[in-house]
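Q: the following block contains a protein sequence and its predicted model.
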Amino acid sequence: MINEATTLFRKRQKAIRKEKNYYNKFIFNGHFTVFLLILFGAFIMGYGEWLKHIPQHIDYALITSIIIALLSLFPLRTLLKEADQIFLLPFEKYMKRYMILSINYSYFTRIMMLLLILIVPFPLFYQLSESNIQYYIAFALVALITPYLVLHLRWCLYQLGVSTWIVNVSFFIILSLNFYIILGLHSYLGILITIAMAVLIVVLKGKVVKQLYPWERMIAIEQRHHTNYYKFVNMFTDVKHLRETAVRRSYLDFILPVPKGKKFNANQMYLYLFMRSFVRGRDAFSIIIRLMLIAVVLIIWLSHPIVGILIGSLFMYITLLQMSQFYTQQAYGLWPQVWPAPDTIVIKGYEKFLYRLMIVMGVVFTIAFSIMNPTLFFFSIVFFLVGYLTIRSTIKKLKYQETLLRD
């Protein structure tokens, strides 16, 4: 039975790896890869300049400890499916091996990202105190070990019925304290907390031996993580089995006036639908806002006119390029069947929607750029030029695709 548990997990791991490899082709396409490379280069250049003039009287150890503590809260991925609570119920006493594999999978899928992030603050602490760099090395080693211990503790606490919110908050506080003792207070006493976590795992495992497997909870957690992944992928390509949800956002009602009178016609309908889908959407709206904030932070932080123009233009290009999902949602959805309209009208409404989004993003980027480079504010016209050319190219491709479909 143990071999069967291993076989089941490996089979599901292979399936999810295959699925991710398929979607990665759409995510890491040529445009997005170039964008990431340029963004990485801009960050390295800005970070290097910032290290030459490090602001004083800031507790960088505390900030780093909090950030790494947040990133160390790895989710427990079990790869369970809804039907498992029925068909795997007789298999429950053999799930121990399955969960060990789940913990290992959850750890190794995230640890490389954490390792890369731990490399970033190293030059900062080396610059601040070269003689105390051994404490950063100890901190990094503890930071790489504790997520694995947290995953084991998370599983034990789930079996005992402790809520996810309490688990996350508790571990965040413990890890932040642990990291800060080593990195900020320059004491190896923080390692004792890591040892105490290992001892606690042994104690809790003895208490949960007779606990029933929390099928519904673990399946719900896995479905939530899988859905979040689909939401991210949906920004790059259509995910057919993703259920779209909506959020009210009443504070944005002023930009969604219902067309009335002569404006209530096919020419105005799709602009309204595209804007409504964007404003009421749960995922795309939040992601676009985050991307805009990241771009603004980079423009202000790097404070270099050429780099600022490059960052704003890249974010403008990538964002407008990834909005194609809205076209497919409306053009091939229910409304064209209820209220038939030529595809030229649908494309026109989509074009108007993109131009409105471009103007909002362009204004935000222009304000950020002008704050840092007031004498060069007129160069912000590049943001709008890139947006215009991107929309023009996108609409041209859509018209060509619709022509092929008609043939």
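A: Alright, I've got the coordinates.

Q: and the longest helix anywhere in the chain, what other elements does it pack with?
A: Across the chain, the longest stretch assigned as helix under DSSP state H is helix 343-372. Other elements packing on helix 343-372 under the criterion 3 or more C-beta pairs under 8 Å, 6 or more residues apart in numbering; DSSP states H and E are helix 266-280, helix 284-302, helix 305-321, helix 324-331, helix 381-406. C-beta here means a position set from N, CA and C on the backbone, and glycine is covered the same way.

Q: next one: the first one to chain centre, how far?
A: Spelled out, that is helix 266-280. Distance, stretch centre to chain centre, for helix 266-280: 26 Å (C-alpha atoms, centre = their mean, to the nearest Å).

Q: tilt between it and helix 343-372?
A: Counting by axes from the mean of the first three to the mean of the last three C-alpha atoms, to 10 degrees, helix 266-280 lies at 50 degrees to helix 343-372.

Q: and helix 266-280, average pLDDT?
A: For helix 266-280, mean pLDDT rounds to 78.

Q: so which bits of stretch 172-189 are buried?
A: 172, 174-176, 178-184 (16 or more other C-beta atoms under 10 Å).

Q: quick one: it to chain centroid distance?
A: The answer for stretch 172-189 is 27 Å, by C-alpha atoms, centre = their mean.

Q: export that stretch as CSV, just CAs?
A: Provided in CSV are the C-alpha atoms of stretch 172-189 (Å, rounded to 0.1, in the frame of the first residue of the first chain):
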residue,chain,number,x,y,z
PHE,A,172,4.9,34.7,10.9
ILE,A,173,5.5,36.0,14.3
ILE,A,174,7.8,33.1,15.3
LEU,A,175,9.8,33.3,12.1
SER,A,176,10.2,37.1,12.2
LEU,A,177,11.4,36.9,15.8
ASN,A,178,13.7,34.0,14.9
PHE,A,179,15.3,35.8,11.9
TYR,A,180,15.6,39.1,13.7
ILE,A,181,17.4,37.6,16.7
ILE,A,182,20.1,36.3,14.3
LEU,A,183,20.2,39.1,11.8
GLY,A,184,19.4,42.2,13.8
LEU,A,185,20.6,41.3,17.4
HIS,A,186,23.6,39.3,16.1
SER,A,187,22.9,36.3,18.4
TYR,A,188,22.8,32.7,17.6
LEU,A,189,20.0,32.2,20.1
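
Q: now do it: everything it contacts.
A: With contacts defined as C-beta atoms under 8 Å, 6 or more residues apart in numbering, stretch 172-189 is touched by 59, 61-62, 64-66, 68-70, 72-73, 125, 132, 135-136, 138-139, 142-143, 146, 150, 190-191, 193-194, 197.

Q: rerun at 7 Å
A: Identification of contacts with stretch 172-189 by C-beta atoms under 7 Å, 6 or more residues apart in numbering yields 59, 61-62, 64-66, 68-70, 72-73, 132, 135-136, 138-139, 142-143, 146, 190, 193-194.

Q: before we move on, what about stretch 73-88?
A: 9, 12-13, 16, 102-103, 105-107, 110, 147, 150-151, 154-155, 168, 171-172, 215-216, 218-219, 221-222, 225.

Q: may I have the distance across that stretch, first residue to last?
A: 28 Å (C-alpha to C-alpha, to the nearest Å).

Q: next: stretch 74-88.
A: Terminal residues of stretch 74-88 lie 25 Å apart, using C-alpha to C-alpha.

Q: okay, buried residues for it please.
A: Result for stretch 74-88 [16+ other C-beta under 10 Å]: buried residues 74-80, 84-85, 88.

Q: format the helices and strands packed on helix 343-372 as TSV; extra columns: distance to Val233 and mean neighbour count.
A: Putting the helices and strands packed on helix 343-372 into TSV (distance: least, C-beta to C-beta, whole Å; neighbours: other C-beta atoms under 10 Å) gives the following:
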stretch	distance to Val233	mean neighbour count
helix 266-280	18	19
helix 284-302	12	17
helix 305-321	15	21
helix 324-331	10	19
helix 381-406	20	15
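
Q: quick one: which of those is nearest Met358?
A: Counting by C-beta to C-beta, Met358 lies closest to helix 381-406 out of the helices and strands packed on helix 343-372; the figure is 3.7 Å.

Q: no further questions, thank you.
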